[in-house]
Each structure stands twice: as C-alpha cells, then as structure tokens.
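K.L.:
only geometry, no sequence info:
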C-alpha cells in the first residue's frame, strides 16, 4: 500500500460498495441556507447532466445518477472516486416553491437551488411611532 493510502482517514473517502451486479457509491453533499433559498452542493466528478434525474415531491428531494467508468482495460492501483449508480434523498423541512427549483452542473459540482416560499421567508416588521 502506498504512503498516501496509509495516511488517508477512511472517513475522508467516499464509500464504495460492491453489490450483486454493479458498483454503487454515495456522493457527498453540502446543504447551505440563506433567507431566500436552500442550496445543495454535490461532489459529482465524471457525471454528465444527462445522467442525472432530480425530483422534488412531498418535501423529499431525490437525486439519482450514474458515473461511467473512466478507463477500460488495465487495473486500478488505488481508487477513491465512485463509479456506478447513486441515489440520494434529502428530507426538506422548509416550504419550497417547487415551480422555481433549478439545478446546474459545472466542473463536477451539482448545485440545486430550492427557493423558499414567501410564507417562510423572514419579514421585517415596521414599527410606527404614535
């Protein structure tokens, strides 16, 4: 095993799980919130936009995708990037305006915008002087 492999913390490496017919993995996501929206940032190297299926239903955001193998023939000496199908589901407790959800994939990072409805956005209450 290389020195790099010996020093790696297993918690820092994406989980790779062999199943009956294929390899699946769990990509990492960050969830960020501001007053206007929730943002999900997913680390998806090697994924094409056409290989993603994103759905929002009943306060659940589901992301399904596929990462194709990067090389054919030969053998990996060390591999950390996931290959195969993945599926992530996030429970979204906020009231989200489903008609305004958008997503973009740039440089291997998926960004999903989940705009909040007006009803849950913070509002400033004006105080009148009597």
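P.N.:
Structure received. Just so you know, these numbers come straight off a predicted model, no measurement behind them. Residues are numbered from 1 along each chain as shown.
K.L.:
any idea where the strands of the protein begin and end?
P.N.:
16-18, 23-25, 29-33, 37-43, 52-57, 60-67, 84-91, 102-106, 109-115 (DSSP state E).
K.L.:
Report the mean per-residue pLDDT for the second one.
P.N.:
Strand 23-25 shows an average pLDDT of 64 in the prediction.
K.L.:
what's the answer for stretch 55-67, then?
P.N.:
Mean per-residue pLDDT for stretch 55-67: 92.
K.L.:
Centroid-nearest residue for the protein?
P.N.:
residue 42 (3.2 Å; C-alpha atoms, centre = their mean).
K.L.:
Give me the distance between that one and residue 57.
P.N.:
19 Å (C-beta to C-beta, to the nearest Å). Using the backbone N, CA and C atoms, a C-beta is placed for each residue, glycine as well.
K.L.:
thinking again about what came up before, let's have the strands of the chain in JSON lines, adding distance to residue 75.
P.N.:
Output for the strands of the chain, formatted as JSON lines (distance: least, C-beta to C-beta, whole Å):
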{"stretch": "strand 16-18", "distance to residue 75": "15"}
{"stretch": "strand 23-25", "distance to residue 75": "15"}
{"stretch": "strand 29-33", "distance to residue 75": "30"}
{"stretch": "strand 37-43", "distance to residue 75": "25"}
{"stretch": "strand 52-57", "distance to residue 75": "29"}
{"stretch": "strand 60-67", "distance to residue 75": "18"}
{"stretch": "strand 84-91", "distance to residue 75": "17"}
{"stretch": "strand 102-106", "distance to residue 75": "30"}
{"stretch": "strand 109-115", "distance to residue 75": "29"}
